[in-house]
Structures are given as C-alpha cells and as structure tokens.
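Undergrad: Please work out how this folds:
(2 chains)
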There are 2 protein chains.
Amino acid sequence: MTDILVSEEELLRFGCECLEAVGACHSHAEQHISVLVEADRRGHYSHGFNRLRGHYVADIRSKICYPNNKPSIEKETASTALINGNNSLGAVVGNFAMDVAIQKAKESGVGWVTVRGSNHFGIAGHYSKKALDAGMLGMAFTNGSPYVAPTRSATSTFSTLPISLAAPAKDGDHMLLDMATSNAAVGKMELARALGKEIPNNWALNKEGKPTSDPNEALPSGGGCGLPLGGLEETSGYKGYGLALMVEIFCGILSGSDWGPHVRRWKIQDQIANLGQCFIALDPKAFTDGFEDRCQSLLDTCRGLDPIDPELPVLIPGDRGRNRENNVRKEGGVRYKSEQFASMLKLAEELGVQPPQCLNV
Amino acid sequence: MTDILVSEEELLRFGCECLEAVGACHSHAEQHISVLVEADRRGHYSHGFNRLRGHYVADIRSKICYPNNKPSIEKETASTALINGNNSLGAVVGNFAMDVAIQKAKESGVGWVTVRGSNHFGIAGHYSKKALDAGMLGMAFTNGSPYVAPTRSATSTFSTLPISLAAPAKDGDHMLLDMATSNAAVGKMELARALGKEIPNNWALNKEGKPTSDPNEALPSGGGCGLPLGGLEETSGYKGYGLALMVEIFCGILSGSDWGPHVRRWKIQDQIANLGQCFIALDPKAFTDGFEDRCQSLLDTCRGLDPIDPELPVLIPGDRGRNRENNVRKEGGVRYKSEQFASMLKLAEELGVQPPQCLNV
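TA: Numbers count the residues shown, from 1 in each chain, chains lettered A, B, ... in the order given. Presented below is the predicted three-dimensional model:
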C-alpha cells in the first residue's frame, strides 16, 4: 500500500485549524503545530500529529490547557530564569523559555532556565536546535506523565524524561541528540501495538513486575511500566534510572512543577499537566575559540569509523532525522500510513475542519 | 581470608609519601590522595589506590605530569571560565576548577567551567559533591583514554566519559550520581580479570567486533573495546553513544584539550594526557524556593517504593557509597583484599616509603 504524502504547508494549515477550532489563537497554534510537523518530517511520528487529538485537542477542549495564555518570567539573574508557563501550549512555553536561555547566554556565556506550569511540548530536539541559529549549544529536558519504574521497583514513577543536546559544527552540520532516558519511548510501544509487533523484552515490565515483549502488557493501559535505559539492574539499568533522576531534578524539582508520580496519568484530562521543563544555552565562544571546527572533526571522526556491518555506517545523533527531512524536501511532503491519515480525516470531521489534502491519491 | 583494614589517616600518609617520593609537594599530594581515599572508602576500588602506581606515580616519574604546577584561569565571564590545568595533578586541577564554578554560581546562579591540560582526577563524584557544601547542585565530567566504540563500530574511540551530579536534600541527605556512559567502567573489567570471573556479554566487543564475556578479550590490552550504555544498537546502545558524545563535547571540544582517539592510550606514558574536564555548579535558590524539601521528597518517594525483591530495596544513586563510608567509619578503616594490600607493600618498597600499617593483622 502506497504511503500518503502531505505537504508541510498543508499539515500546518490543517493542524492550526484543528487547534483554532477548539479555541487557540492562530499564532500560538502555529508555534505548536510547527513542532508537530517537524517531528513527523524527521520521522518521529510518535511525537507528531499522532498526538494532536489525544493530547493537545483533548487538553484544550476539556479546558485544562489555556492555549492563549502567555508565559511569564517569575525570577531571573544574569544567567538564570524561572518561567511560569501559565498553562499555555507546550511549544509556546518552550519557545519562549529557550529564547530567554539564548539571550542570557549571549550576555553571560550560559543561560539556564527552568519552567513550571507547562504542557507537553513535542520533541525536545526542537528547542535545543534553536540554539544552533545563534551559534550556541542548546539543551532541553521535560518531565511528563509517570511510566518508568526506578530500578528494583515495578511502579510507574517517572516519565521517559528526555535529554536533548544540539551542538553546532561547520556549515550547518551539527549533532542533535534527543533521547528518552528510558529504554524506549512510550510512542514506540504504541507503534508496535498498532502494528501487532512484539517489543524487545528489556523495554518494560508487566503488572507482575516481569519483563514482557507484549506491548499490550507493557503499556500504561495494560498496567505495565517502562524500564530505564540499560534495562534491568544487572544490565546497568540503574544508570538510566540515575539519568531519569537528573532530568526530573532539572525539570520538576528546580522549577517547583508537578513531578514524578504527581504528574497526571497519560492522556487523562483530570488535572492540569503543570509540567516542569529545563532549557540551557551555552555560548562556545566563552571557552576556547574554534569550537565548530573541533566539533566537526569529532563528527567526521565518528562518521568515518569502519562499520562492523558495511551496510550500516556509523551515524551521529540527528543524522537519521536529517536524512528523513531531506527526503521530505525531495518528495514534497511527509509520508503517512493510511491508518495515520485516516485518523487525521476523522479529526477533521469531528472538528468541522477542512481535511488535509494529500499529494498522491 | 580476612580483609585487611587500613585507617584513612594511614592511607593518606602512605599515599602522600608515595607521590612526594617522586616529586610532588605535600599539599598537592594531599589533595590528590584524598580523592583516592574517598574512592576506596566508598567502595569504588577501581578508582582509588588501585591506580596509584600505574597512573599517578608512573606519570610523575616519567615526567609527563608536573605535579607542582598550578592551574590558571585563561578566560572568564560572570558565569563561565576556561581553565588550563597546566598539566598538574588531576585533583589539584579539579578542585580548583570546581571552586571557580561554585564561586561563579554564587554570583550569577550558575558556573560552567571547562578545563584543558588536566590529568586523571579520580572519581568525578568528588567534585560534584563539593557543591553540596555550598547548598548547590554540582556536576563533573572528564574525558580520558580511548576505549569505548561508537555504535556500529568496533574502534576504541572514547573514554568511559562519566557524568556526575550531586543534588542536596535535607539535613545532609543528597543524591550523588557518578556513572560511566559506557555499560561498565574499565576498572570493573580489570577487577573481573583479577578475580578470574566472566563479564556480562553486553559490556565489550573483542577485537573481531563480537560481544565477549572474557575480560581478557574485552580489555584494551586484549584489543577489545567497550560498549556504550545500553550495549549494542538493538538494545538502545546508541543512546549511551549519544551521551558519550555529549560528555566529550563538554570536556574535550569546548575546552580544546585532546579528545577521543587523540588522547593517549591507557597507562602508556608516551605523551602528556592533556585531558578535558567540565564542572558545573548551579544555585537552586536562583529558581523556586524550597529545593531541598522537594528533592528530599523525590528521594523519599523512590526509596519508599515497593521493591520487586523484598531483599533489594530501591536505592538513590550514592546510597551504596554512603553505606560503605558509614561502615568504614564504624570499622575504623578501609577494607582491602590481600592482593590489593600486597601491591601497596610492593609500591612502598619500590619507592622507599614506609609501608601502610594495617589495623587487624
């Protein structure tokens, strides 16, 4: 079955109209939908339009996200800021906060910003990547609904707590790390379930606390919980758990947002999200000159290593997403499976919005 | 066979005399040896006296470390500094740099310091932990000799590139994360080899690029290379590789030190180490008040989770080391296996230093 191709402009038009249909102003809707388009364009379908209905539309509709609120700075120093997202759309809050971090880094070398009162912001990599335009390193972190169990327990306690780092090299080349500190993002298990596939048995525990390869048992809906990066304790999962604590400290504990098990459950609109997030910008010019050359050399060194399998070259984090983006540019649009596209059509009907037009059907 | 017990004072005396015998001044020797005592006291034997002869004494003896040099600040802003370690002892450089980071954080909320021209500094956790005394969060990172292979390759490219974070809670309680971004530290494989034990087969590749459980094949001396946290690509090892790149960027690329495969090989004194390191201090008071209470609540939440195995309670990173420290305090000294103690006696003889006295034999 042929994939369905939708242009980025059409995705943006459709997504914005959906958010506007439930009450968002155009400029906020545009900021938020741009991040979803970016996710799909880079192949991170689990964090793109896939979440439009269940997360963003549902949160606005049930009046627990206030899409037109503006974030505000509550406290600041030369290189830090505490921001209240005022429960606006995640991307509106994230863009605002990352811009503050970049401005601070311009003035004092580093900007470290924490946020409370935020919502799901899409892919963390969108925010870290903003720093590249200013010739800086960027980092972004977020907390979220509890799913991952600390090592030795089987209790959903932390979200998948991602770490993202963008670092500039030469002529636009860069590294863009964007990784969950769990072994796998929830979206990957949802995808496996949708496709009827098994998952590796170091991704999650079932409700009895045993490793499982059945995505139905692994997902929050089945009472499962995720394992931290590394898996069980004997395969170094305690390190992933340590990283999860680090990200939760950066996001929830520094900012005073909800954290860990106190964040609302997945896709349940019973309380505001009050997520915590953290954004860092760092100006490499504050250190030794020539950062971009050395960074390029680092990336070239890795990409140039002999691969174990000649078919599988050594990559830099972000290369895969960039390749997919290039492909989208070449083809003129983002590819979707027919089920993905069908759910967009359904949402269009539900909201009385013009359905997305595809390029090839 | 009974363990041999040596008091901390005696370890410090013996270690200092060893470094002084090869030319270090007392105050620098004391700073450096204190970190080795701390490592052994916390049970991180791979990073303590175990390294005294092969690393620190050897480097000074072969005149490629200048133990009495003082580090200097080469460039600074309100919240950043670039420090040249001037090839002094690692702990002298690390203590200096972390103090600068803490001072900057006092003034501007955050201090981000990178270092070049440094040497092995022992356990990263020693430096991050210094921030706790100032009521701050501390982070420490270092690069080192190449051993870990980027995902899809079998080439020793990165050191085990540790991440350390210390975060204060109430009444002295805290989290102290100190983890290699590889699946296992080299020291753990050396220990397995010394004890004639197999290692898990997701720690390293042999020289043919295949997973191995034989520490002889796994170690640099056998031509092996380490796997990043997560192991192979299919078990999320690309995330550990991404974290390794992050730490190398913080340490080597920002500072302009040697990095990746350009750092000298393990325990080979053919060139100066010129290591890169990174130290961050962050004042939680720059964000939302009450950090220590919330952090305590986070630690308590995790420690209070139902364990899968009732015999194995959920821990916080650093708990194990602290328990061992308490035990050392109770017993009056650090426990060593007879082989470990024998190598100290050998070193004492070699350097004409009074051998360490033990408490129980």
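Undergrad: Going along the chain, name the helices of chain A.
TA: All helices of chain A, identified by DSSP state H, fall at A:8-21, A:26-41, A:58-61, A:90-108, A:125-130, A:186-194, A:215-218, A:237-248, A:254-255, A:291-303, A:319-331, A:338-351.
Undergrad: Stretch A:42-51 near chain B at all?
TA: No - Stretch A:42-51 lies apart from chain B when judged by C-beta under 8 Å from any C-beta of the partner chain; the minimum separation is 14.5 Å. Using the backbone N, CA and C atoms, a C-beta is placed for each residue, glycine as well.
Undergrad: From start to finish, how long is that stretch in a straight line?
TA: 15 Å (C-alpha to C-alpha, to the nearest Å).
Undergrad: Select from the helices of chain A the stretch with the lowest mean pLDDT.
TA: Comparing mean pLDDT across those, the lowest value falls on helix A:186-194: a mean of 85.
Undergrad: follow-up on the earlier one: reformat the helices of chain A as TSV; add mean neighbour count and distance to residue B:293.
TA: Converted to TSV, the helices of chain A look like this (neighbours: other C-beta atoms under 10 Å in any protein chain shown; distance: least, C-beta to C-beta, whole Å):
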stretch	mean neighbour count	distance to residue B:293
helix A:8-21	20	37
helix A:26-41	22	34
helix A:58-61	20	29
helix A:90-108	24	24
helix A:125-130	27	28
helix A:186-194	19	30
helix A:215-218	22	34
helix A:237-248	26	15
helix A:254-255	30	13
helix A:291-303	19	39
helix A:319-331	15	40
helix A:338-351	15	43
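Undergrad: Need these in JSON lines (columns: distance to chain B).
TA: JSON lines is the format used below for those (distance: least, C-beta to the nearest C-beta, whole Å):
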{"stretch": "helix A:8-21", "distance to chain B": "27"}
{"stretch": "helix A:26-41", "distance to chain B": "18"}
{"stretch": "helix A:58-61", "distance to chain B": "24"}
{"stretch": "helix A:90-108", "distance to chain B": "5"}
{"stretch": "helix A:125-130", "distance to chain B": "11"}
{"stretch": "helix A:186-194", "distance to chain B": "10"}
{"stretch": "helix A:215-218", "distance to chain B": "15"}
{"stretch": "helix A:237-248", "distance to chain B": "4"}
{"stretch": "helix A:254-255", "distance to chain B": "5"}
{"stretch": "helix A:291-303", "distance to chain B": "5"}
{"stretch": "helix A:319-331", "distance to chain B": "10"}
{"stretch": "helix A:338-351", "distance to chain B": "25"}
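Undergrad: which residues touch residue A:7?
TA: Contacts were defined as C-beta atoms under 8 Å, 6 or more residues apart in numbering or on different chains; by that measure residue A:7 touches A:332, A:333, A:334, A:359.
Undergrad: what's the nearest residue to the third one if we skip its chain neighbours?
TA: Distances taken as C-beta to C-beta, 6 or more residues apart in numbering or on different chains put residue A:40 closest to residue A:334, at 4.9 Å, once the chain neighbours are dropped.
Undergrad: Equivalent analysis for the last one, please.
TA: When the adjacent residues along the chain are set aside, residue A:359 lies closest to residue A:5, with 4.3 Å between them (C-beta to C-beta, 6+ apart).
Undergrad: Ok, residue A:353 next?
TA: Residue A:353 sits nearest to residue A:17 (C-beta to C-beta, 6+ apart), 4.4 Å away.
Undergrad: I figured that neighbour was touching residue A:356, is that so?
TA: No - applying C-beta atoms under 8 Å as the test, residue A:17 and residue A:356 come out as separate, 9.6 Å apart.
Undergrad: What is the neighbour count of residue A:75?
TA: 16 (other C-beta atoms under 10 Å in any protein chain shown).
Undergrad: Return the residues in contact with the nearest residue to it once chain neighbours are set aside.
TA: Taking C-beta to C-beta, 6+ apart, and ignoring the residues beside it in sequence, residue A:75 has residue A:82 as its nearest neighbour in space, at 4.2 Å. Taking C-beta under 8 Å, 6+ apart, we find residue A:82 in contact with A:73, A:74, A:75, A:76, A:113, A:114, A:115, A:116, A:255, B:286, B:287, B:288.
Undergrad: Just give me the residue closest to the centre of chain A.
TA: For chain A, the residue sitting closest to the mean C-alpha position, by C-alpha atoms, centre = their mean, is residue A:123 at 2.3 Å.
Undergrad: mind listing what residue A:280 touches?
TA: A:101, A:110, A:111, A:112, A:113, A:137, A:138, A:139, A:140.
Undergrad: just these now: which is nearest residue A:306?
TA: residue A:137 (28.9 Å; C-beta to C-beta).
Undergrad: ChimeraX command for the buried members of the contacts of residue A:82?
TA: Per 16 or more other C-beta atoms under 10 Å in any protein chain shown, the buried members of the contacts of residue A:82 correspond to this ChimeraX selection:
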select /A:74,75,76,113,114,115,116,255 /B:286,287,288
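Undergrad: Strands - which of the contacts of residue A:82 land there?
TA: Counted as lying in strands by DSSP state E, out of the contacts of residue A:82, are A:73, A:74, A:75, A:76, A:113, A:114, A:115, A:116.
Undergrad: Who does the fourth one form a beta bridge with?
TA: Looking back up the chat, that one is residue A:76. residue A:81 (DSSP bridges).
Undergrad: need the contact list for it.
TA: A:82, A:100, A:104.
Undergrad: Distance to residue B:158 for these - can I get that in CSV?
TA: Formatted as CSV, these follow (distance: C-beta to C-beta, whole Å):
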residue, distance to residue B:158
A:82, 35
A:100, 33
A:104, 31
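Undergrad: pLDDT value on residue A:80, please?
TA: For residue A:80, the pLDDT comes out at 98.
Undergrad: For it, which non-adjacent residue is spatially closest?
TA: residue B:109 (3.6 Å).
Undergrad: Please verify my assumption that the one you found contacts residue A:112.
TA: Yes - using C-beta under 8 Å, residue B:109 makes contact with residue A:112 at a distance of 6.9 Å.
Undergrad: Quickly list what's touching both of these two.
TA: A:79, A:80, B:282, B:286.
Undergrad: Ignoring the adjacent residues along the chain, who's closest to the third one?
TA: By that I understand residue B:282. Using C-beta to C-beta, 6+ apart, the nearest residue to residue B:282 is residue B:137, at 4.4 Å.
Undergrad: End to end on stretch A:353-361, go ahead and measure it.
TA: Stretch A:353-361 has an end-to-end distance of 20 Å (criterion: C-alpha to C-alpha).
Undergrad: so how far is it off the chain centroid?
TA: 26 Å (C-alpha atoms, centre = their mean, to the nearest Å).
Undergrad: How about residues contacting it?
TA: In contact with stretch A:353-361 (C-beta under 8 Å, 6+ apart) are residues A:2, A:4-7, A:10-11, A:13-14, A:17-18, A:21, A:332-333, A:341, A:344-345, A:347-349.
Undergrad: pLDDT (mean, whole number) over that stretch?
TA: Per-residue scores along stretch A:353-361 average to 92.
Undergrad: what do you get for stretch A:204-214?
TA: Per-residue scores along stretch A:204-214 average to 95.
Undergrad: In this structure the residue nearest to residue A:334 contacts residue A:49, no?
TA: Yes - look at residue A:40 against residue A:49 with C-beta under 8 Å: they come within range, at 5.8 Å.
Undergrad: what touches both of these two?
TA: With C-beta under 8 Å, 6+ apart as the test, residue A:40 and residue A:49 both reach residue A:11.
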